[in-house]
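A.B. asks: next comes the sequence, and after it the predicted model I'd like to discuss.
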Amino acid sequence: LNSNHRARAAAGASSDRQVSGGGGSISESRIADNLRRLEVITATPGDGITRLAFSDADATARALVVKWMRDAELEVRVDAAGNIIGRRNGSASDPAVLTGSHLDSVPNGGNYDGVVGVIAAIECARVLAERRAQTRRPIEFVCFASEEAPRFAQSSNRFGSRAMAGLIDPELPQRLHDSDGTSLAEAMRRVGLDPSQLASAKRDPSELFAIVELHIEQGTLLAEAKTPVGIVTRITGTTRFKVDVIGASDHSGGTPMTRRRDALAGAAEMILAIEAAARDLGGDLVATVGVIEVRPGAISVVPGLVTFGVDVRDVLEAPRRGAVRQIMEAIETIASRRALGTSVSLIRDDDPVVLSASIQDVAKSVAARLRIPSMSIPSHTGHDAASLSAITEAAMLMVRNRSGKSHAPDEHVDVEDIVAGTRVLCGVVEYLAGA
Ligand code: CO
């Protein structure tokens, strides 16, 4: 399938020399205005963007996007996963080119993560409508549902795009609950979705030609290189697992140091070993312990059970696999020296995604033609395009993030850089859709 797509993209590349997309009528003031209009839609005014998936704030933002899509003369539908799809027909019923991103946020996040890709996509649709452009393939402008996963379990992240790729178990919405006990299925019903129809959101690979997602960089490679636009080569692979360290809880006064099986002291040593392993391996590899639970959790009791979560990422597969192996060995060595038990359970194990080489080439030439500086970069964060890569050719563009922050209220991206990214995006999308 992939080589087939590549061949088709390459064929498009050679037969269509005049690419006019990305040109004059992209409006900086309209992009800035749309950013401002979404910025006020938050459950935490004055303290960042809190627009959790399927919440009231999310619904308000989504309604605005539906209106913008209709203004851009798109045919709008919402699939069973909650993805908003605005379609512009082509002259043929060829497979569609997709572009878009997400609007939902983490608690107290920023106004650019996801949002920039949605606004850029809609700006492309508006420019095409204003120009009365006719493409051969249809173009679908998508706002993916629930990319972030803070409300329900981590296994709900990239919910909309994974449903579109057929990668979500249809029973998942019944199984997941938020901290108030509301199931994902109930949350979906509350915003008018029917979770029992979830499987219908799946797209057949024959319906799709490619996806190109624009996103802000959640790092500083572009800012350091003073380059506004990144063309993404790979999306990081991620392994996450949970470790239970089993000791023996006992009285903190009555248990001499020589007779303890302290699960927390053991876990502490393991966490430092994980950090050391990642540092020693170097390169792009990162390993993080971001969550820990101690039981029974009393100041006068030797901890008997500790559970912590490990997140290991690298854009290359071999270093990630090597790091996971090394971490497992360190955990076992420390546990046996301290007479502790361990139990490890895998949460997820996603291989890196290699993005379309032919679309990267198209993006490079579009950027060069528009005289917009660009460079190839890896993505250390997961995105909706990674889900779709399971069923179609996938590509990503990134926009410089001068603040170096993301998932934080002070996340900031200059509107000039968003305009530069939008111009490249529109050029690529129009090129792939074919004149
Ligand atoms: Co995002």
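C.D. replies: Thanks, I have the structure now.
A.B. asks: from here on, contacts and neighbour counts on C-alpha atoms
C.D. replies: Will do.
A.B. asks: which SS state does residue 432 fall under?
C.D. replies: Following DSSP: H, G, I helix; E, B strand; the rest coil, residue 432 is assigned to helix.
A.B. asks: so it touches residue 99, yeah?
C.D. replies: No: using Cα atoms under 8 Å, residue 432 makes no contact with residue 99, being 11.1 Å away.
A.B. asks: on the pLDDT front, check the residue positioned nearest the centre of the chain for me.
C.D. replies: The chain has residue 383 as the residue nearest its centroid, 2.4 Å off, counting by Cα atoms, centre = their mean. As predicted, residue 383 sits at a pLDDT of 95.
A.B. asks: cool, the one 5 residues further on as well?
C.D. replies: In the predicted model, residue 388 carries a pLDDT score of 97.
A.B. asks: so what's it up against?
C.D. replies: Residue 388 makes contact with 161, 162, 164, 165, 211, 394, according to Cα atoms under 8 Å, 6 or more residues apart in numbering.
A.B. asks: and the fourth one, how many neighbours does it have?
C.D. replies: The one in question is residue 165. Using other Cα atoms under 10 Å, residue 165 has 22 neighbouring residues.
A.B. asks: and the residue of the stretch 201-350 of the chain closest to the ion?
C.D. replies: The ion sits closest to residue 215 of the stretch 201-350 of the chain, with a gap of 6.7 Å, by Cα to the ion.
A.B. asks: list phi and psi for that residue.
C.D. replies: Per-residue torsions, residue 215: phi -150, psi 160 (degrees, to the nearest 10).
A.B. asks: with residue 390 instead?
C.D. replies: Residue torsions, per degrees, to the nearest 10, at residue 390 are phi -70, psi -20.
A.B. asks: could you check how far the residue nearest to it when sequence neighbours are not counted is from the ion?
C.D. replies: Spatial nearest neighbour of residue 390, excluding adjacent residues (Cα to Cα, 6 or more residues apart in numbering): residue 165 at 6.5 Å. Using Cα to the ion, to the nearest Å, we find residue 165 at a distance of 18 Å from the ion.
A.B. asks: find me the pLDDT at residue 165, would you?
C.D. replies: pLDDT, read off for residue 165, is 98.
A.B. asks: mind listing the helices for this protein?
C.D. replies: 2-15, 28-39, 56-71, 115-131, 159-164, 172-175, 184-190, 221-224, 263-281, 317-337, 357-369, 384-388, 415-433 (DSSP state H).
A.B. asks: okay if I get these as a markdown table plus distance to residue 294?
C.D. replies: Formatted as a markdown table, the helices of the chain follow (distance: least, Cα to Cα, whole Å):
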| stretch | distance to residue 294 |
| --- | --- |
| helix 2-15 | 47 |
| helix 28-39 | 38 |
| helix 56-71 | 34 |
| helix 115-131 | 37 |
| helix 159-164 | 30 |
| helix 172-175 | 25 |
| helix 184-190 | 28 |
| helix 221-224 | 37 |
| helix 263-281 | 7 |
| helix 317-337 | 16 |
| helix 357-369 | 47 |
| helix 384-388 | 34 |
| helix 415-433 | 44 |
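A.B. asks: which of these has the lowest mean pLDDT?
C.D. replies: helix 2-15 (a mean of 43).
A.B. asks: next, the nearest residue to residue 222 once chain neighbours are set aside: phi, psi?
C.D. replies: With sequence-adjacent residues excluded and distances taken as Cα to Cα, 6+ apart, residue 222 is closest to residue 400, at 5.2 Å. Torsion angles at residue 400 (phi, psi; degrees, to the nearest 10) stand at phi -50, psi 140.
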